[in-house]
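Sequence and predicted structure below; questions after.
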Amino acid sequence: MIKPLSPVTLKTVTTLDDLAELASYSFMDSLNCDPDAKENGADHSPRQVFTGHYVPVSPTPIEEPEYVAHSSHFFRELGFADSMAKSADFVRMFSGDISQVPEPIRKVGWATGYALSIYGSEYFQQCPFQTGNGYGDGRAVSVFEAVINEQRWEMQLKGGGRTPYCRGADGRAVLRSSIREFLAQDHMHSLGVPTSRSLSLYVSKTQKAKRPWYSQGSLSIDPDMYVSEAVAITTRVAPSFIRVGQLELFGRRARKQEHPNAKQELEQIVLHAIFREYADVIDQKLSSAEKVVLLAREFRGRLTSLIANWIRVGFCQGNFNSDNCAVGGFTLDYGPFGFCDVFNPHFQSWTGGGHHFSFLNQPVAAQQNFQSFCTALRPLLASHQDYLLQLDEIQSGFSKVMQTQMQEMWAAKLGLSTFHGELFNELETLMAQTPVDYTIFFRELSTVPDNIEPLKKSFYQDFGSSMTSMQESYKTAPEVMQQRWSLWLTKWNSLVNSDNTALSRSRDELSKQMKLVNPKYILREWFVVPAYQQASSGNYSLVRELQDVMTQPYAEQSKDIEDKYYRLKPSEFFEVGGLSHLSCSS
Ligand SMILES: Nc1ncnc2c1ncn2[C@@H]1O[C@H](COP(=O)(O)OP(=O)(O)OP(=O)(O)O)[C@@H](O)[C@H]1O
Ligand SMILES: [Mg+2]
């Protein structure tokens with residue numbers, strides 16, 4: 001039986017005992033445990049998991065954990081005292097040792113299986129058994145679920161050691177990738193983009209893992225060496241960690257009738273996803289089939305809005321497979337992500353990601369994940385022809401809804417009440433012909449300039465061979481291009497002026513509004529690199545500084561911060577491995 005929501009907690013959580021009072025384990029308590037699970041969660045070798053929704057797994061603690069960071073914003077939201085992040089028992093639990101936690105916190109965590117579709121194509125052979133039964137949380141272990149201020153949260157260690165889904169890998173995450181994920185989650189939340197949240201980050205003082213990586217200044221596409229890096233554990237938190245790939249795993253089993261309970265397990269996980277992520281919008285009293293159709297409609301709304309938000313802030317997820325697509329419609333898995341410097345529709349930091357997961361192709365990648373999601377739901381509607389038809393309509397309507405979200409987003413970025421196709425198309429062409437810093441351009445436009453001088457701050461003069469032949473236009477004929485920019489700006493100004501008149505809004509008000517849509521500070525990779533490099537020798541001051549700056553991305557902040565973080569990417573950083581592109585070795 002799942003505990004009902006507790007009343008709003010007024011008490012500050014200062015100890016693990018306080019935290020224990022909030023425990024409420026819905027995933028483990030309402031779903032099926034793998035019948036082959038090992039006792040006490042000692043299940044750390046790759047094996048096939050044929051049934052059940054989770055495997056109980058005890059995380060493997062990192063040795064000699066040291067505090068790196070916690071999210072004070074999120075702590076405040078949860079009512080956690082900051083002091084707790086450095087307290088011995090909290091550090092112990094969130095660096096993977098849950099053997100001494102106070103009851104009713106459990107001394108075993110859980111890992112889940114999921115399937116993988118890449119750009120809508122089903123993959124089965126990604127696990128060592130070539131069946132898909134060994135694929136899932138290979139190094140992510142959930143350790144706690146609680147209801148806090150009427151919100152249910154799951155806490156999951158990333159890099160928490162091997163699980164049956166580890167595929168022979170070490171179950172670890174290194175400090176570099178953990179810092180990237182930790183900072184990015186905090187930043188995305190502050191940008192107003194739905195995301196899993198950062199709770200805490202601890203590093204081992206002694207334990208290391210080997211990863212392929214780039215030598216200093218390397219221009220190689222793929223890593224050219226192995227580095228030994230400290231292992232770390234970040235704890236991320238979300239209403240649930242249910243992924244499209246997870247529904248797919250059960251959907252595929254139901255479709256193929258792999259075992260007698262397959263369809264029931266699918267229904268259970270889908271209803272659980274609704275309970276965890278959509279309880280406020282899907283009425284508990286409806287039939288399962290009605291709930292499934294509503295789930296598809298609501299998820300479509302969240303997913304399309306998420307993608308529009310990604311593009312608004314210049315974010316490219318990089319590896320948007322179905323297993324990295326959260327059913328709750330928030331950003332999950334900050335592996336090979338990146339924020340674009342120069343606007344480029346094909347921007348993609350991950351060397352393995354290709355065009356399909358690139359910046360402006362993300363709406364199509366999302367549509368592919370949505371298709372996988374709908375396919376997973378279908379077995380539940382097999383005897384409800386009318387609902388199946390509704391699901392088809394929801395699926396086929398994806399691109400229209402996506403387009404509407406994109407147009408609303410572009411209009412908001414441009415400070416306009418409606419989308420103007422012609423103005424936008426001209427801008428896109430200009431941005432393809434002039435190397436423009438995406439963030440600085442829109443932020444400068446948010447000052448509502450009447451000439452292009454402020455916008456020129458966002459123009460790159462040269463960045464070597466990364467420059468496309470189109471972008472050369474600005475270099476070869478700057479005056480012509482500047483004239484075209486001026487013409488565009490005049491058109492834009494006349495449109496915002498008529499909007500302002502219609503809305504009785506001043507230019508100042510418009511500027512304020514636009515600055516809440518167009519961030520000033522973005523977590524560019526070349527800010528993060530020195531922070532994790534410094535952290536590798538135990539100095540976390542740049543991590544702290546970035547945390548501080550990037551959790552107020554819309555604020556003007558000080559002159560010093562502006563000089564340091566509101567800048568074009570230096571030309572020497574283009575094309576450098578780890579700075580401009582990266583492999584998926586985390
Ligand atoms: N070092 C590792 N040890 C064990 N499993 C791993 C390791 N690295 C990746 N995996 C697993 O490989 C799969 C694909 O990796 P991917 O990079 O998408 O995920 P991730 O960054 O580990 O995880 P998540 O999606 O949970 O943020 C995941 O299921 C992941 O758990
Ligand atoms: Mg992943």
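It's in. Computed from a predicted model, the values in this text were never measured in an experiment. Numbers count the residues shown, from 1 in each chain. Ligands and ions are numbered 1, 2, ... in the order given.

Count the residues that sit near whichever residue of the stretch 201-350 of the chain sits closest to ligand 1.
Across the stretch 201-350 of the chain, no residue is closer to ligand 1 than residue 333, which sits at 3.4 Å (Cβ to the nearest ligand atom). C-beta here means a position set from N, CA and C on the backbone, and glycine is covered the same way. Neighbourhood size, residue 333 [other Cβ atoms under 10 Å]: 22.

what does the stretch 301-450 of the chain put close to ligand 2?
Within reach of ligand 2 by Cβ under 5 Å from the ion, the stretch 301-450 of the chain has these residues: 324, 333.

Just list the residues touching the residue of the stretch 201-350 of the chain closest to ligand 1, thanks.
317, 319, 324 (Cβ atoms under 8 Å, 6 or more residues apart in numbering).

Can you say which helix or strand has it in it?
Under DSSP states H and E, no helix or strand contains residue 333.

among the contacts of residue 333, who's most crowded?
Neighbour max across the contacts of residue 333 (other Cβ under 10 Å) = residue 317, 27 neighbours.

looking at the chain, which helix or strand is least sure?
Ranking every helix and strand in the chain by mean pLDDT, DSSP states H and E puts helix 472-476 at the bottom, with a mean of 77.

neighbouring contacts of that one?
433-435, 459, 461-462, 467, 480-481.

Show the buried residues in those residues.
For these, a burial check counting by 16 or more other Cβ atoms under 10 Å picks out 433-435, 459, 467, 481.

can you put those in CSV and add pLDDT and secondary structure?
Conversion of the buried ones among the contacts of helix 472-476 to CSV gives the following (pLDDT from 0 to 100; DSSP: H, G, I helix; E, B strand; the rest coil):
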residue, pLDDT, secondary structure
433, 90, helix
434, 92, coil
435, 92, coil
459, 95, strand
467, 70, coil
481, 92, helix
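
Which members of these define the maximum pairwise distance?
Taking Cβ to Cβ as the measure, these span a maximum distance of 13.7 Å, between 467 and 481.

re the thing from before, look up phi and psi at the residue of the stretch 201-350 of the chain closest to ligand 1.
The phi and psi values for residue 333, taken as degrees, to the nearest 10, are phi 70, psi 90.

Name the nearest residue to the residue in the chain positioned nearest to ligand 1, ignoring sequence neighbours.
Evaluated by Cβ to the nearest ligand atom, the chain has residue 138 as its residue closest to ligand 1, separated by 2.4 Å. Spatial nearest neighbour of residue 138, excluding adjacent residues (Cβ to Cβ, 6 or more residues apart in numbering): residue 166 at 4.2 Å.

The one you found - that's part of a strand, no?
No. Counting by DSSP: H, G, I helix; E, B strand; the rest coil, residue 166 is not found in a strand; it is coil.

so what's the residue most central in space within the chain bridging to?
In the chain, the C-alpha nearest the mean C-alpha coordinate belongs to residue 331, at 2.8 Å (Cα atoms, centre = their mean). Under DSSP bridges, the beta-bridge partners of residue 331 are residue 195, residue 325.

wait, isn't it in contact with residue 194?
Yes. Counting by Cβ atoms under 8 Å, residue 331 touches residue 194, with 6.5 Å between them.

Can you pull the residues that touch both of the two?
residue 306.

so where's the stretch 401-550 of the chain uncertain?
464-466 (pLDDT under 70).

That one: strands as residue ranges?
For the stretch 401-550 of the chain, applying DSSP state E, counting those that start in this stretch gives no strands.

a markdown table for the buried ones among the contacts of helix 472-476, including distance to residue 413?
As requested, the buried ones among the contacts of helix 472-476 are arranged in a markdown table below (distance: Cβ to Cβ, whole Å):
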| residue | distance to residue 413 |
| --- | --- |
| 433 | 19 |
| 434 | 17 |
| 435 | 19 |
| 459 | 18 |
| 467 | 24 |
| 481 | 21 |
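
and the closest residue to residue 120 other than its chain neighbours, what is it in contact with?
Excluding the flanking residues, the one nearest residue 120 by Cβ to Cβ, 6+ apart is residue 368, at 3.6 Å. Residue 368 makes contact with 117, 119-120, 322, 356 under the criterion Cβ under 8 Å, 6+ apart.

Direction included, what does the helix or strand that contains residue 210 pair up with?
For residue 210, the element it lies in under DSSP H and E is strand 197-213. Take DSSP bridges as the rule and strand 197-213 pairs in its sheet with strand 65-70 (antiparallel), strand 225-238 (antiparallel).

pLDDT averaged over it - what is it?
What strand 197-213 shows for mean pLDDT is 95.

Next: stretch 330-337.
96.

repeat for stretch 61-76
Stretch 61-76 comes out at a mean pLDDT of 98.

Can you give me the end-to-end span of that stretch?
26 Å (Cα to Cα, to the nearest Å).

now stretch 211-227
5 Å.

can you tell if it touches ligand 1?
No. Figure legend: stretch 211-227 not in contact with ligand 1 (Cβ under 6 Å from any ligand atom); closest approach 8.7 Å.

Right, I'll call it a day here.
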